[in-house]
Structures are given as structure tokens and as C-alpha cells.
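Student: sequence and predicted structure are below.
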Amino acid sequence: MAGEIIKAEKVLKIGQRLEFYLEGSEEGYKSRIEDIQKDRLIVAMPFDKKRVPIIPVRGDSIYGLASGEQCRYRFLTMFQGAALDGQLPTWTIVKPETVERHQNREFVRVRVSLHLRVHLIDEEGRIEKPFETDSIDLSGNGIGFVVRHPVKVNSQATIELSEIPNVGTLNILCRIVRAARVERDDGTSIWRIGAAFQNVPRNVTNKIVRFIFTIQRQSIARGISIVD
């Protein structure tokens with residue numbers, strides 16, 4: 001069942017295929033479990049598409065996906081170090097206590113309600129009168145929200161976001177990548193908008209993703225029993 005929390009030792013096995021996502025990035029990197037120790041995992045070092053080894057900073061948060069027979073399992077971990085000597089370069093990461101059964105590949109977007117102030121930008125570059133709304137979801141490179149009128153895909157907007165801890169107020173330039181009309185029960189319509197962040201500094205992106213990881217940890221921990 002999706003959303004089921006299971007002790008990691010029941011799922012993670014030597015030789016199991018993994019996929020890792022780093023803070024500030026939605027690109028997945030392939031790996032596998034080489035050894036399982038008391039409090040850590042030794043995994044094959046991932047490489048990018050150009051065969052460059054991926055080596056995070058010690059203490060970086062990492063999101064992992066483990067392949068199962070009919071589903072995937074997701075977990076949060078922390079990078080501890082890399083070993084480049086020997087025949088097989090490896091990572092050492094913290095062994096998670098639990099994993100979550102997960103069938104949807106897109107784990108990096110979370111449902112969260114944050115207050116937004118939005119300025120749409122017309123085709124001539126004029127900034128329209130701002131309006132306020134709430135977010136639907138958030139990822140490291142975009143945000144979803146609702147408006148009461150149509151918005152053109154590929155148009156731009158600036159979004160003021162001030163409720164992410166340790167970040168401060170952000171004014172982010174965005175490109176509208178999705179606009180879906182939704183009919184409400186009272187016969188009126190709203191538009192669900194997906195906006196991609198543009199030119200956000202990496203350190204800010206990392207803070208946003210760290211906030212997302214915190215939301216997901218809270219979601220996993222909230223009222224969900226662990227399967228022995």
C-alpha cells in the first residue's frame with residue numbers, strides 16, 4: 001500500500017538498485033547497495049551523464065529511491081563520505097531507520113500551503129497589478145498555485161514568498177509552464193497554475209529543498225504506523 005512505512009532492514013538488501021536525488025536538483029543518479037552496516041550503507045558512487053563522479057558535501061541531505069518487486073521505496077539519508085581508492089568508488093551514507101512504500105516517481109514536489117503575492121507580466125513586459133493567493137505544492141524548481149482567471153503558458157510572473165524558514169522573503173521570477181482549468185461545484189472555474197523558478201541562486205534552492213525534505217519527514221512521521 002502506498003504511504004506505508006516499513007523498517008529499512010526489511011527492504012534494503014545488498015545488490016539492490018538505488019536512485020539518489022541531491023538537494024537543489026531533481027536529476028536522479030543511479031547506484032546500488034554494496035554493503036550494509038549497523039548505522040550506514042556503502043553504495044556504489046553515482047556518476048552523471050558525462051561519467052563524472054557525484055560527490056556531495058559531507059552532511060548534505062540526500063533523497064533515495066530503492067527498487068522493489070512491484071513498487072519503489074523512498075527514504076531520507078545524509079552523505080557521510082566517499083572512497084575513491086580501490087576497484088569500486090563508493091559513497092558512505094547514513095542507514096535510514098525506515099522507508100516509505102512509494103509508487104509515484106515524482107517525490108520532490110510536496111503539498112504545502114504558503115501565502116504568495118503574484119505579479120503577472122504581460123507580453124510587452126509590463127507588470128500587472130499584484131494579487132494574493134496560496135500555494136498548492138512546492139518543489140526545488142517550481143511552485144503550484146490557483147488563480148481566478150486564465151494565465152498564458154510560457155508567460156512570466158514574479159512571486160513573493162516569505163514563509164520558508166531560514167530563507168527570508170523571496171521575489172522569484174517564474175515561467176508559467178502549466179495552466180489547467182478546474183470546474184468547481186458552484187459552477188465557477190479556477191485555474192491551477194504551475195510555475196517554474198528562473199535564475200534562483202543555488203544556495204537559495206538548497207534551502208527550499210531542505211524545507212521540502214522537512215515537510216516530507218513530518219508527513220511520513222504523522223500518524224503512520226511502522227510495519228514490522
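Tutor: Sure thing, it's come through.
Student: show me the contacts for Arg117.
Tutor: For Arg117, the contact set (CB atoms under 8 Å, 6 or more residues apart in numbering) comprises 130-132, 159-160. Quick note: C-beta positions are derived from backbone N, CA and C, even for glycine.
Student: check which helices and strands the helix or strand hosting Val204 sits against.
Tutor: Assigned by DSSP states H and E, Val204 belongs to helix 202-221. Other helices and strands packing on helix 202-221, by 3 or more CB pairs under 8 Å, 6 or more residues apart in numbering; DSSP states H and E, are strand 61-67, strand 72-83, strand 110-111, strand 131-139.
Student: sketch out the low-pLDDT regions of the chain for me.
Tutor: Scanning the chain for pLDDT under 70 picks out 1-3, 23-26, 102-108, 216-217, 219-228.
Student: and the next element down the chain from the longest strand that the chain contains?
Tutor: Secondary structure of the chain per DSSP state E: the longest strand is strand 170-183. Next in sequence after strand 170-183, counting helices and strands by DSSP H and E, comes strand 189-198.
Student: just to revisit the earlier point, tell me which residues in the longest strand of the chain are buried?
Tutor: 170, 172-176, 179 (16 or more other CB atoms under 10 Å).
Student: of these, just say which sits nearest to Phe211.
Tutor: Leu170 (11.3 Å; CB to CB).
Student: distance of the closest one from Lys10?
Tutor: 40 Å (CB to CB, to the nearest Å).
Student: same question for Asp134.
Tutor: From Asp134 to Lys10 the distance is 38 Å (CB to CB).
Student: what's the answer for Thr188, then?
Tutor: 48 Å.
Student: those two: which has the busier surroundings?
Tutor: Lys10 (13 against 9; other CB atoms under 10 Å).
Student: list phi and psi for the more buried one.
Tutor: phi -80, psi -10 (degrees, to the nearest 10).
Student: also Gly168?
Tutor: Per degrees, to the nearest 10, the backbone of Gly168 is at phi 80, psi -170.
Student: coming back round to it: would you reformat the buried residues of strand 170-183 as JSON lines and include distance to Thr205?
Tutor: As requested, these are arranged in JSON lines below (distance: CB to CB, whole Å):
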{"residue": "Leu170", "distance to Thr205": "11"}
{"residue": "Ile172", "distance to Thr205": "10"}
{"residue": "Leu173", "distance to Thr205": "14"}
{"residue": "Cys174", "distance to Thr205": "13"}
{"residue": "Arg175", "distance to Thr205": "16"}
{"residue": "Ile176", "distance to Thr205": "19"}
{"residue": "Ala179", "distance to Thr205": "24"}
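Student: just name the most buried of the helices and strands packed on helix 202-221.
Tutor: strand 61-67 (a mean of 20; mean count of other CB atoms under 10 Å).
Student: pairing partners for it, with directions?
Tutor: strand 17-22 (antiparallel), strand 72-83 (antiparallel) (DSSP bridges).
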